[in-house]
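Asks: using only what follows, build the 3D model:
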Amino acid sequence: MRHRIRKIDVHLVSAPVPGGFADATRKVETIGFVIVRITTDQGLEGIGVTYHEVGGEATCELINRNMTPKLIGRDPLETEAIWQEFFHYLRGVGRKGLMYCALSAVDIALWDLKGKIVDLPVYKLLGGNRTKVPVYASGGWTSYSDDQLVDEIKGMVARGFTTVKFKVGFDGGRNPRRDAERVRKVREAVGPDINLMVDANNSFDAATAVQLANRIREYDIFLFEEPVFADDIPGLARFKRGTDIPLATGEHEYTKFGVRDLLMHDAADIVQVDGARAGGLHRDAEMRRPDPGLECKVRAPRHGEPPSAPRRGGAERTLPRAPADVRGHNRSGF
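Replies: Numbers count the residues shown, from 1 in each chain. Okay, here's the model as predicted:
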């Protein structure tokens, strides 16, 4: 039976962070999601999501005003054609950022719907065969005291995570000695068998980041994320040359061209593309297939963990075969 898109509902789910928390570069006041629900004339529904700290209202407006009218009546199986049309229609107002967040949420909803229509999980539609994925826990804000930091990380480990990530860039990145001390305290608290990842959130210059990396190298750091400004490809490459701690970056890359430039300039060991911001499921999968001549790993950070690409790390999450969705349908594409 052929399906046509009948309606699109867009929900802003957002909440203030009591008291706020901060990384090295900004205070986080709000966390939320834009949720897109696409329903066909046959009653099936697909759900997509993108994450926001700011700009959620603008993302909703873009979907409602500029994308919804062009989706009504379309065949939801035409995911590639729809993606291409929206990219070219909207590229003049953004090839990164909010436009791509909106496109991601719509694309994820369409793939979810496609899975329900053909009664297959999306990972099979994309050619995969894994039913479990490794995940990690993330937190440990620089606004925390040392005791709060250690307690939160220990809580993650107590819940079964064997890979955890926390922030560096204490005092706005002006005190790397304190960062090294905090890393030492975390390592001593969790022992040698937990993978520790640190995230600087773009806060350092390359020289300072290399100095910090070499100070904390003895604590067996699994990866160092975004040590310098995400668009500073020469700075990333300089960092990579200065330490043997694996360099992770890429959650602020929204296109395959940005990922290509990171790899061509030897500016990443681990590329962290985020399918909920980088154009949706198909583009997320596309960016996970780098040129075989380029040496890197492609992994997924996840803000809010949409089903397409859970966070990398120790514990494993089973991909559900057919969970009920929020409307009560008993089949899901994920």
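
Asks: and stretch 110-123, what's buried?
Replies: Leu110, Trp111, Asp112, Leu113, Lys114, Gly115, Lys116, Ile117, Pro121, Val122, Tyr123 (16 or more other C-beta atoms under 10 Å). The C-beta positions use only the backbone N, C-alpha and C, and glycine is treated the same way.

Asks: got the contact list for the first one?
Replies: What it means is Leu110. Leu110 is in contact with Ile38, Gly46, Gly48, Pro76, Thr79, Ile82, Gly280, counting by C-beta atoms under 8 Å, 6 or more residues apart in numbering.

Asks: which stretch of helix or strand covers it?
Replies: Using DSSP states H and E, Leu110 maps to helix 98-118.

Asks: do a quick rundown of the strands in the stretch 1-150 of the chain.
Replies: Using DSSP state E, counting those that start in this stretch, the strands of the stretch 1-150 of the chain run over 5-22, 27-40, 45-52, 132-135, 137-139.

Asks: the closest residue to Phe224 other than its chain neighbours in helix, strand or coil?
Replies: Leaving aside its sequence neighbours, Phe224 sits nearest to Ile245 (C-beta to C-beta, 6 or more residues apart in numbering; 4.8 Å). Here Ile245 is recorded as coil under DSSP: H, G, I helix; E, B strand; the rest coil.

Asks: what does Val198 give?
Replies: The three-state label given to Val198 by three-state DSSP is strand.

Asks: once you drop chain neighbours, what's closest to it?
Replies: In space, Val198 is closest to Val168, 4.7 Å off (C-beta to C-beta, 6+ apart).

Asks: I'd assumed Asn202 was in contact with the one you found.
Replies: No - counting by C-beta atoms under 8 Å, Val168 stays clear of Asn202, with 11.6 Å between them.

Asks: tell me who's in contact with Glu286.
Replies: Contacts for Glu286 (C-beta under 8 Å, 6+ apart) come out as Lys256.

Asks: list the buried residues of whichever strand or helix holds it.
Replies: Taking DSSP H and E as the criterion, Glu286 maps to helix 281-287. Across helix 281-287, burial judged by 16+ other C-beta under 10 Å covers Leu281, His282, Arg283, Asp284, Ala285, Met287.

Asks: could you do stretch 78-98 as well?
Replies: Using 16+ other C-beta under 10 Å as the test for burial, stretch 78-98 gives Thr79, Ile82, Trp83, Phe86, Phe87, Leu90, Leu98.

Asks: name the residues that touch the helix or strand harbouring Arg215?
Replies: Following DSSP H and E, one finds Arg215 within helix 206-216. Helix 206-216 is contacted from outside by 168, 173, 176-177, 179-180, 183-184, 198, 200, 204, 221, 224, 227-228, 232, 235-236, 238-239, 242-243, 245, using C-beta under 8 Å, 6+ apart.

Asks: just the buried residues from those, in PyMOL please.
Replies: The following PyMOL line selects those of the contacts of helix 206-216 that are buried, judged by 16+ other C-beta under 10 Å:
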select buried, resi 168+173+176+179+180+183+198+200+204+221+224+227+228+232+235+236+238+239+242+243+245
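
Asks: so of the contacts of helix 206-216, which ones are in strands?
Replies: Secondary structure from DSSP state E places Val198, Ile221, Phe224 of these in strands.

Asks: and which of the residues you listed is nearest to Val28?
Replies: Set against Val28, the nearest of the ones in strands among the contacts of helix 206-216 by C-beta to C-beta is Val198 (17.8 Å).

Asks: can you pull the buried residues of stretch 47-62?
Replies: Across stretch 47-62, burial judged by 16+ other C-beta under 10 Å covers Ile47, Gly48, Val49, Thr50, Tyr51, His52, Gly56, Ala58, Thr59, Cys60, Leu62.

Asks: can you name the residues bridging to the first one?
Replies: In this structure, Ile47 has the following beta-bridge partners (DSSP bridges): Arg37.

Asks: I figured it hits Thr39, correct?
Replies: No - using C-beta under 8 Å, Ile47 is not in contact with Thr39, being 10.2 Å away.

Asks: roughly how far does Pro176 sit from Asp41?
Replies: Distance of Pro176 to Asp41, given as C-beta to C-beta, to the nearest Å: 59 Å.

Asks: and the helix holding Arg215, how far from the chain's centre?
Replies: On the basis of C-alpha atoms, centre = their mean, to the nearest Å, helix 206-216 sits 25 Å off its chain's mean C-alpha point.

Asks: that helix to strand 221-225, inter-axis angle?
Replies: 160 degrees (axes from the mean of the first three to the mean of the last three C-alpha atoms, to 10 degrees).

Asks: for the record, mean pLDDT for helix 206-216?
Replies: Helix 206-216 carries an average pLDDT of 98.

Asks: that one: which residues count as buried?
Replies: For helix 206-216, burial by neighbour count (16+ other C-beta under 10 Å) applies to Ala206, Thr208, Ala209, Val210, Gln211, Leu212, Ala213, Arg215, Ile216.
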